[in-house]
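Model the structure of this input:
(chains A and B)
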2 protein chains.
Amino acid sequence: MSAPPDDHAPGRRRRGPRSAGTDTRAALLSAARDEFAARGFDGATVRRIAERAGVDPAMVNHWFGGKEALFAATLEMPLDPRAIRSEILGGVPDAIGARIVGRFLTVWDGGTDGRAADGGAMAALLRSVTTRDLAARTLREFVTRALLRPVVERVSPDRHAERGALVATQLVGLAMVRYVLRLEPLASAARDDVVAAVGPTVQHYLTGNLGSTNPDS
Amino acid sequence: MSAPPDDHAPGRRRRGPRSAGTDTRAALLSAARDEFAARGFDGATVRRIAERAGVDPAMVNHWFGGKEALFAATLEMPLDPRAIRSEILGGVPDAIGARIVGRFLTVWDGGTDGRAADGGAMAALLRSVTTRDLAARTLREFVTRALLRPVVERVSPDRHAERGALVATQLVGLAMVRYVLRLEPLASAARDDVVAAVGPTVQHYLTGNLGSTNPDS
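Predicted coordinates for the structure are as follows:
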């Protein structure tokens, strides 16, 4: 099940023989973990992270490309928000739901960096989210700003925040059932079957009629 | 936000002055927690629970009405599987999804027994599920046997296990986003708005076309 050990994961580029560069990168990651843990995603700043690491703030852009990607790197997620957004928004509009579910499964199944397909790192993350309030807030802020909001604002006709939250219910629940609770047949289902079943729901939340109880919000 | 302190919750009937009866009930609850923790929901037996408690197995039916309700009582959930099933299956077929979501929110919001509407007990349960493997297995077995399977087998045309798991993704995700991650506007949304938005998804998973990738499974 494992892909070749090829370093496609974001935040792993340019890794080579140990050098002052890799020390800087490691120091930034460590400082970022502390800063995000102390202030959440929104409260953390690139300047303070660089200060904690004792390096120039420009090093954050050099090594990670910005706060979002730095945060993703601290999670050890194969997740580059910018690349994910352009992949999701790049194809035919009717299949955005399917592309979101497909990309989501790829991240969890670890398809891009050779992790075993057990959602291990992500399941551990989800566990920590449910047990630590700050972890929940940090991840919520990150997912909202870096992923949900930009997509919803591009493709949804109205009720952006509500649609984003509804998309989140379906994705978080899919992760819980497939990777944490491991309910069959979903735990073992092929990726394409999951995309076919769940993609239309995400599409519906993004662009469909949400029900008439609260039509103006 | 709190209802009158009226004892509607299952497993709380017949509570009165302390008596041999309340001792028996408490002993059964304690024994049941140990037995479910040791063997999961499927592995636990009424006979062994009664043995652990040092009482006759008939006391389980007398006090709780069976293993399902006893398990629900150990969770301190306002949840009587039999009553929930008949409520869900009792109305017009097209609104089963809405009734499931509505009842689910009532359980989490604690509407039937005066708990504060913060999903407190249930959120704690969900946290424990994500951090303890046996808790996950036990809850999965219980929810599957007592709730998902009976409903799906009555109302779904095919692919019962798959449809049940898909319903679970939507409900678990709704709980995570509304009560654990507390993503707005869903965390503060009125119950009816949530039912209007999410009910059709559950209905679709129960009775709709699931996508064509795997039409025969």
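
make it CA atoms for all contacts and neighbour counts henceforth
Will do.

can you list the weak-confidence ranges in chain A?
Residue ranges of chain A with pLDDT under 70: A:1-20, A:76-79, A:110-135, A:212-217.

And the helices in it?
A:20-43, A:46-53, A:58-63, A:67-74, A:81-90, A:96-109, A:120-131, A:133-142, A:149-155, A:160-175, A:191-207 (DSSP state H).

if we look at the longest one, which residues are touching it?
Think helix A:20-43. A:15, A:44, A:48-50, A:52-53, A:55, A:59-60, A:63, A:70-71, A:73-74, A:134-135, A:137-139, A:141-142 (CA atoms under 8 Å, 6 or more residues apart in numbering or on different chains).

one more time with 7 Å
By CA atoms under 7 Å, 6 or more residues apart in numbering or on different chains, the surrounding residues in contact with helix A:20-43 are A:44, A:49, A:50, A:52, A:53, A:63, A:74, A:134, A:137, A:138, A:141, A:142.

With mean neighbour count and distance to residue B:188 added, can I get the helices of chain A in TSV?
What follows is the helices of chain A, written out as TSV (neighbours: other CA atoms under 10 Å in any protein chain shown; distance: least, CA to CA, whole Å):
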stretch	mean neighbour count	distance to residue B:188
helix A:20-43	18	21
helix A:46-53	18	32
helix A:58-63	16	36
helix A:67-74	21	27
helix A:81-90	15	28
helix A:96-109	22	25
helix A:120-131	19	19
helix A:133-142	20	15
helix A:149-155	17	18
helix A:160-175	25	11
helix A:191-207	22	18
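
Need those helices in CSV (columns: distance to residue B:168).
Conversion of those to CSV gives the following (distance: least, CA to CA, whole Å):
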stretch, distance to residue B:168
helix A:20-43, 30
helix A:46-53, 39
helix A:58-63, 40
helix A:67-74, 28
helix A:81-90, 25
helix A:96-109, 16
helix A:120-131, 17
helix A:133-142, 21
helix A:149-155, 24
helix A:160-175, 7
helix A:191-207, 12
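
Looking at the ones you listed, spot the one closest to residue B:178.
Nearest to residue B:178, of all the helices of chain A, is helix A:160-175, at 8.3 Å by CA to CA.

Looking at chain A, which residue is nearest chain B?
Residue of chain A nearest chain B, by CA to the nearest CA: residue A:173 (3.4 Å).

Contacts only, for that residue.
B:169, B:170, B:172, B:173 are the contacts of residue A:173 under CA under 7 Å, 6+ apart.

ok, these vs residue A:84, which is closest?
Closest to residue A:84, out of all of the contacts of residue A:173 and judged by CA to CA, is residue B:173, at 21.5 Å.

Now the closest one: closest residue in space that isn't a chain neighbour?
Using CA to CA, 6 or more residues apart in numbering or on different chains and skipping residues adjacent in sequence, the residue nearest residue B:173 is residue A:173, 3.4 Å away.

Show me how chain A divides into domains.
Residue ranges for the domains of chain A, per automatic domain parsing: A:20-74, A:81-207.

From one end of the longest one to the other, what's the distance?
Here the two ends of domain A:81-207 are set 21 Å apart, with distance taken as CA to CA, to the nearest Å.

Pop out the phi and psi values for residue A:64.
Phi and psi for residue A:64, reported as degrees, to the nearest 10, are phi -130, psi -20.

ugh, wrong one, I meant residue A:44
According to degrees, to the nearest 10, residue A:44 has phi -70, psi 140.

burial count for it?
Residues contacting residue A:44 under the criterion other CA atoms under 10 Å in any protein chain shown number 20.

For residue A:168, which non-adjacent residue is closest in space?
Nearest non-adjacent residue to residue A:168 (CA to CA, 6+ apart): residue B:177, at 7.0 Å.

The one you found touches residue B:183, doesn't it?
Yes - here residue B:177 reaches residue B:183: they are 5.6 Å apart, a contact under CA atoms under 7 Å.

Residues of chain A that sit close to chain B?
A:127, A:130-131, A:136, A:140, A:161-162, A:165, A:168-170, A:172-174, A:177, A:180-181, A:183-186, A:193, A:196-197, A:201, A:210-214 (CA under 7 Å from any CA of the partner chain).

hmm, back to that, looking at the helices of chain A, which is closest to residue B:152?
helix A:191-207 (16.2 Å).

The closest one to helix A:96-109, inter-axis angle?
130 degrees (axes from the mean of the first three to the mean of the last three CA atoms, to 10 degrees).

contacts for helix A:191-207?
With CA under 7 Å, 6+ apart, helix A:191-207 has contacts from A:96-98, A:101-102, A:105, A:152, A:155-157, A:163, A:166-167, B:201, B:210-211, B:213-214.

just how off-centre is that helix within its chain?
The chain centroid and the centroid of helix A:191-207 are separated by 18 Å, computed with CA atoms, centre = their mean, to the nearest Å.

One more: stretch A:52-60?
That offset, for stretch A:52-60, works out to 24 Å (CA atoms, centre = their mean).

likewise stretch A:156-172?
15 Å.

same deal with stretch A:198-215?
22 Å.

re earlier: out of the helices of chain A, flag the one nearest residue B:92.
helix A:191-207 (22.7 Å).

what angle do the closest one and helix B:160-175 make?
Using the same axes, to 10 degrees: helix A:191-207 against helix B:160-175 is 40 degrees.

and residue A:80, how far is that from residue A:68?
8 Å.
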